[in-house]
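Undergrad: Need coordinates for the following:
(2 chains)
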Amino acid sequence: MVEPLLAVEDLCIDYLTETGDVRIVDSLSFELRRGEIVGLAGESGSGKTTTLKGILRLLPHPAAITGGRVLFKEMDILEMDEDQLRVFRWKQISLVMQSAMNALNPVLTVGEQIRDVFAAHEGKSATEEQIAELLELVGIEGSRVGSYPHELSGGMRQRVVIAMALALKPPLVFMDEPTTALDVVVQKGILDKITALKEDLGFSILFITHDLALMLEFCTRIGILYAGRLAESAPSDLLRTDPKHPYTQGLMRAFPDVNSDQTELVGIGGSPPDPRNPPPGCRFHPRCPKVVDRCRSEQPPMRELGPDHLVACWVAE
Amino acid sequence: MTAPLLQLRKLNKVFSMREGFQTRRVHAVNNVSFVLASGQVVALVGESGSGKSTIARLIARLMPPTSGEILLDGKSTDSSMEFRRRVQMIFQDPFGSLNPIHTIRHHLERPLKRHGKDSRRVYELLETVGLSPAKQFADKYPSELSGGQRQRVAIARTLAVEPDLILADEPTSMLDVSIRVDILNLLLRLKDERGIGYLYITHDLASARYFADRTLVLYAGHIVESAPSADLMQTPQHPYTRVLLAAVPNATGSRNDDIEVKPGGAKLVDPGPGCPFAARCPLVEERCNTQLPELKEISSGRQARCHLL
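TA: Got it, this is the predicted structure:
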């Protein structure tokens, strides 16, 4: 058995509000092994981004981690102090954020911003060649080190941010909707680049997107989140061909495929629960077509239905 | 023969931008012509900046075209109440398109009153778009509704004036996957029941295949290919359409078209005389750089703008 690179165990994250604590991520457990691209899918508000930021301890108040462990190479990230975190972040796990191309500082050249990464996390300055090399890595001419962000296209800015995330050669990179704001042709170019770099440099990826077709194509294994809980997790092919959780089954019927004619697609109906007032039992039961009595009162435990295939549902088999 | 619901003839839009002492002319829409019949869905697809939304705005008379004609039932449009009744828009952002300080009832009563219709129809409208019990929804504020529900309110608001043509600009792109298809299905049902025509603007080709009868591919403000949606997605002909479709994420693995595109963007400022896609096209020839290809019929019901086809 291979040791997982990242193991999240019973992670709980709450928003501490004046009217009471609101649980956003509820006892979430999953693993990521070396070389994998693990995707987290779910509707907005299902806790995807909160989980990513929680693992990196980047959540601002009023969000707080209220339980669980996050083991990275057998160190518990949740036990680290600020000094340990500063050395750990970026060097071990780096983050490419949503709409990252707007995260660049408009008054600094991209070269200066990449140099900052080395200075802040390794305490040493990088050479001009190192920075140019990093840009070449993501397919941007090294001569662009002196360019300001506005002189680059959206796709190039996104690639600069990816170059920055890879600067310290971390074994694990978190990507939160890294290509969402981009056109499909540019998106394709960037994802191909990421795949090639992953082969060369050997890092692993935790990936978030709302685009299910993209997730199924790009990720090796996928976890489906619903209202802060893991509903199902399986290798991508299995999830596509044989989804077990009624929510996953609903999702697979809800998005059109560009390569085939679908006469009738159906949505899931209803909307996700209010996290301030989640339904008892299984959180999906008010929208579930297969609901039975038990679902309304008892939370289904995570069960293993096959190799690597986990489902939290009373009726799935 | 009766005139089609909507007809565009050689529509052009040039924006002038002042930059220092120079004026730069951005060619956003170039010689766009197409027809849209009642009960038909036409999709406009293309990358950002390809002119999709500008075309919708021109049709809605939110800005004047530089040249060209927009005909509704064969007649040129004017700013009359009648025109504004017949042509309605649904926008991308259901969070920005409703006023947070007014109830849903207020949003729906306003167009009813303004256009001299029975303002008691609010409940009927809400039921039509699947917001029931209507009495409860009518007195809610936008902040109490989910994104999908807000988009339904936006649709109900357009239906209040019984439009003939709806311009839907990315109506589902801000919604969750499980909600999107319900909105498209609602629009399809209204099309079948009322014969409304839709201009559907999207960058999501898979949804265009599902929703639209015909898809037009735009590049740099030019229509480069136009065909029935399923044909276009199955056997794209124009090199740009092929590149676009090869890049669409696909659950069952990418499509088998190894067409390679050169990086770069469309040139909208001072475009040269040739094909707008020539600089990036893998199949480019000499004449592509000097001569703009015509949009010509390449097979029945299908047009493309390419010298090689």
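
Undergrad: hmm, stretch A:271-287 touching chain B?
TA: Yes: using Cβ under 8 Å from any Cβ of the partner chain, stretch A:271-287 comes into contact with chain B via A:271, A:272. Every residue, glycine included, has its C-beta placed from N, CA and C.

Undergrad: pull the longest helix from the chain.
TA: As the question left the chain open, I've gone with chain A. Looking across chain A with DSSP state H, the single longest helix is helix A:184-201.

Undergrad: Sorry, I should have been clearer: chain B.
TA: For chain B, the longest helix by residue count, based on DSSP H, is helix B:177-194.

Undergrad: Which strands or helices does that helix pack on?
TA: Counting contacts by 3 or more Cβ pairs under 8 Å, 6 or more residues apart in numbering or on different chains; DSSP states H and E, helix B:177-194 packs against helix A:246-254, helix B:147-159, strand B:197-202, helix B:205-211.

Undergrad: From the chain's centroid, how far away is it?
TA: The chain centroid and the centroid of helix B:177-194 are separated by 16 Å under Cα atoms, centre = their mean, to the nearest Å.

Undergrad: For the stretch 51-200 of chain A, give me the ranges with low pLDDT.
TA: A:100-101 (pLDDT under 70).

Undergrad: again, 80 this time
TA: A:98-102, A:181 (pLDDT under 80).

Undergrad: of all the residues in it, which ones are close to chain B?
TA: By the rule Cβ under 8 Å from any Cβ, the part of the stretch 51-200 of chain A lying against chain B is A:153, A:155, A:183, A:184, A:185, A:186, A:187, A:188, A:189.

Undergrad: didn't the fourth one look like it was pressed against residue B:248?
TA: The reference is to residue A:184. Yes: using Cβ atoms under 8 Å, residue A:184 is in contact with residue B:248, at 5.6 Å.

Undergrad: Tell me the residues that contact both of the two, please.
TA: Taking Cβ atoms under 8 Å, 6 or more residues apart in numbering or on different chains as the criterion, residue A:184 and residue B:248 both touch residue B:205.

Undergrad: Helices of chain B, start to end?
TA: Counting by DSSP H, chain B has helices at residues B:52-59, B:81-86, B:104-114, B:122-128, B:134-138, B:147-159, B:177-194, B:205-211, B:229-234, B:239-247.

Undergrad: want to throw those into TSV with distance to residue A:52?
TA: Formatted as TSV, the helices of chain B follow (distance: least, Cβ to Cβ, whole Å):
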stretch	distance to residue A:52
helix B:52-59	32
helix B:81-86	46
helix B:104-114	35
helix B:122-128	38
helix B:134-138	35
helix B:147-159	22
helix B:177-194	19
helix B:205-211	27
helix B:229-234	34
helix B:239-247	26
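
Undergrad: Mind putting those into CSV with distance to residue B:22 and mean pLDDT?
TA: Shown next, in CSV, are the helices of chain B (distance: least, Cβ to Cβ, whole Å; pLDDT from 0 to 100):
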stretch, distance to residue B:22, mean pLDDT
helix B:52-59, 22, 95
helix B:81-86, 37, 93
helix B:104-114, 44, 94
helix B:122-128, 50, 93
helix B:134-138, 53, 92
helix B:147-159, 41, 93
helix B:177-194, 44, 92
helix B:205-211, 37, 94
helix B:229-234, 39, 94
helix B:239-247, 30, 93
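
Undergrad: Mean neighbour count and distance to residue A:261 for those - can I get that in TSV?
TA: Output for the helices of chain B, formatted as TSV (neighbours: other Cβ atoms under 10 Å in any protein chain shown; distance: least, Cβ to Cβ, whole Å):
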stretch	mean neighbour count	distance to residue A:261
helix B:52-59	22	24
helix B:81-86	15	32
helix B:104-114	19	36
helix B:122-128	19	28
helix B:134-138	17	35
helix B:147-159	23	25
helix B:177-194	19	14
helix B:205-211	25	8
helix B:229-234	20	6
helix B:239-247	24	15
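
Undergrad: Can you say which of these is nearest to residue A:116?
TA: Nearest of the helices of chain B to residue A:116, taken as Cβ to Cβ: helix B:239-247 at 32.7 Å.

Undergrad: How about the residues of chain B by chain A?
TA: Counting by Cβ under 8 Å from any Cβ, chain B comes close to chain A at B:47-48, B:146-149, B:176-182, B:184-185, B:203, B:205-207, B:209-210, B:230, B:233-234, B:243-255, B:261, B:263, B:265.

Undergrad: Apply 6 Å and report the result again.
TA: Residues of chain B lying close to chain A (Cβ under 6 Å from any Cβ of the partner chain) are B:47, B:146, B:176-178, B:181-182, B:205-207, B:209-210, B:230, B:233, B:243, B:247-251.
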